[in-house]
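A.B. asks: predicted coordinates and the sequence they were generated for:
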Amino acid sequence: YKFLCLRITIPTIFYSMLKNLIIKQIEKSALIVYNISNITIRRENIMANMTKAYLEPQELYEYTSKKGVAKATANLRYMLSLGFLGGAFISVGYLAYIRVAGTMPHEWGGMGTLLGAAIFPIGLICILVGGGELITSNMMAVTLAVFDKKLKPALLLKNLIVITLANLVGALFVAYCLGHLTGLTEGVVFEKTVHTAEAKINATFSEMIFSGIGCNWLVGMGAWLAFCAKDVSGKILGTWFPIMTFVAIGFQHVVANMFVIPAAMFGGANITFAQFLNNMVGVFLGNYLGGALLVAGLYTLAYKKKD
């Protein structure tokens, strides 16, 4: 009887042990496969983020909001130094435009304007890639941060005032030192300088406002697309075409006007300070409406997350 019991019990125990061992090995294998799968998925996600050369619209909105906060909360030294560079860079771009468009034969028609417009974006490229603060792009980015409730309106107002004044100093520096004293805005291109400046001041106030709106819609989009790209070439291309387009159309940009109108005045053009100031106010208002409403405002409606 004992012998029979042993013959029945031993195989049963052996079978049970073997079954438990197999189950444990299967569980370990499944856990290993699961971990490998997770690691593979995470690796694919990391690689996708590393290889993706742009931000998705929702990511871009949040990034621009952070940029706006950083711009508005920067210290005064930062804003003044980079604001000066912003005004100077835009003015150098406009100086290049005048030198190209102003020396083209009249028989070429609009080709001179097109070629000049193609060169002008170097100013904003230097700002967005190299570093600089431009009031028109800040009208979009800093206002967006206010709309996103990440910034108080008082800081927006401070940024608008400081960067505008710094841009003006940079633009006047280029107009006088690099334009007037060198003769580069005068001589053979002085007719183009004066014609451009007079076309801006002779516009009606409403024309200045709506021209400014169109301008900063495109400038804001240039900055928006530059923020979107993660590599330098993408930032350059994203900036280039919207800026080239607004110049080719002839929209008015307040910082560009800070250069070209004084450049004509320094050369002896019959333009008064009151005309210059009137242009600054009208174009500034238009630029703000274009950047704040058509870019920051509409993208806030589309992409701002509900509280």
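C.D. replies: Yep, it's here.
A.B. asks: look up the closest residue to the spatially most central residue of the chain, ignoring the ones flanking it.
C.D. replies: For the chain, the residue nearest the mean C-alpha position is A223 (1.8 Å; C-alpha atoms, centre = their mean). Among residues not flanking A223 along the chain, S137 sits closest, at 4.0 Å (C-beta to C-beta, 6 or more residues apart in numbering). The way it works is simple: take the backbone N, C-alpha and C, and place the C-beta from them, glycine included.
A.B. asks: could you pull up the mean pLDDT of the helix or strand containing that neighbour?
C.D. replies: In the assignment (DSSP states H and E), S137 maps to helix 135-147. For helix 135-147, mean pLDDT rounds to 97.
A.B. asks: show the pLDDT at the nearest residue to T73 once chain neighbours are set aside.
C.D. replies: Excluding its sequence neighbours, the residue lying closest to T73 (C-beta to C-beta, 6+ apart) is L155, at 6.6 Å. Looking at L155, its pLDDT is 97.
A.B. asks: for the helix or strand where L155 lies, list every residue counted as buried.
C.D. replies: For L155, the element it lies in under DSSP H and E is helix 153-173. In terms of neighbour count (16 or more other C-beta atoms under 10 Å), helix 153-173 has its buried residues at 155-156, 158-160, 162-168, 170-173.
A.B. asks: now stretch 258-267
C.D. replies: Under 16+ other C-beta under 10 Å, the buried positions of stretch 258-267 are 258-267.
A.B. asks: and of those residues, the nearest to Q275?
C.D. replies: Q275 lies nearest to I261 out of the buried residues of stretch 258-267, by C-beta to C-beta, at 8.0 Å.
A.B. asks: you'd agree that closest one is up against I271?
C.D. replies: Yes: I261 lies in contact with I271 (C-beta atoms under 8 Å); the separation is 6.4 Å.
A.B. asks: so where is the stretch 51-200 of the chain shaky, pLDDT-wise?
C.D. replies: Applying pLDDT under 70 to the stretch 51-200 of the chain flags the ranges 51.
A.B. asks: the helices in it, which residues?
C.D. replies: Along the stretch 51-200 of the chain, the stretches classed as helices by DSSP state H, counting those that start in this stretch are 57-72, 76-101, 111-119, 122-125, 135-147, 153-173, 190-201.
A.B. asks: now A229. Its backbone dihedrals?
C.D. replies: Per-residue torsions, A229: phi -80, psi 150 (degrees, to the nearest 10).
A.B. asks: quick revisit: from the buried residues of stretch 258-267, which land in helices?
C.D. replies: Judged by DSSP state H, these include 258-266 as members of helices.
A.B. asks: I'd like the residues you listed as a markdown table, with distance to Q275 and pLDDT appended.
C.D. replies: Below are these laid out as a markdown table (distance: C-beta to C-beta, whole Å; pLDDT from 0 to 100):
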| residue | distance to Q275 | pLDDT |
| --- | --- | --- |
| M258 | 14 | 98 |
| F259 | 16 | 98 |
| V260 | 13 | 97 |
| I261 | 8 | 98 |
| P262 | 12 | 97 |
| A263 | 14 | 97 |
| A264 | 11 | 97 |
| M265 | 9 | 97 |
| F266 | 15 | 97 |
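A.B. asks: distance to A292 added to these, as TSV?
C.D. replies: Shown next, in TSV, are those (distance: C-beta to C-beta, whole Å):
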residue	distance to A292
M258	20
F259	23
V260	24
I261	24
P262	26
A263	28
A264	29
M265	30
F266	32
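A.B. asks: ok, of the residues you listed, which one's closest to Y97?
C.D. replies: Distance to Y97, by C-beta to C-beta, is smallest for V260 among these, at 8.9 Å.
A.B. asks: and the residue nearest to T73, what does it touch?
C.D. replies: Taking C-beta atoms under 8 Å, 6 or more residues apart in numbering, we find L155 in contact with 72-73, 142.
A.B. asks: measure E62 to F147 for me?
C.D. replies: Relative to F147, E62 is positioned 13 Å away (criterion: C-beta to C-beta, to the nearest Å).
A.B. asks: low-confidence ranges, the stretch 201-307 of the chain, go.
C.D. replies: Short version for the stretch 201-307 of the chain, where the test is pLDDT under 70: 307.
A.B. asks: going along the chain, name the helices of it.
C.D. replies: 205-228, 232-249, 254-266, 273-289, 298-303.
A.B. asks: how about these, which one is nearest L184?
C.D. replies: Taking the helices of the stretch 201-307 of the chain one by one with C-beta to C-beta, helix 254-266 is closest: 9.1 Å.
A.B. asks: any idea how far that closest one is from the chain center?
C.D. replies: For helix 254-266, the separation from the chain centroid amounts to 24 Å (computed by C-alpha atoms, centre = their mean, to the nearest Å).
A.B. asks: what is it packed up against?
C.D. replies: helix 76-101, helix 135-147, helix 153-173, helix 190-201, helix 273-289 (3 or more C-beta pairs under 8 Å, 6 or more residues apart in numbering; DSSP states H and E).
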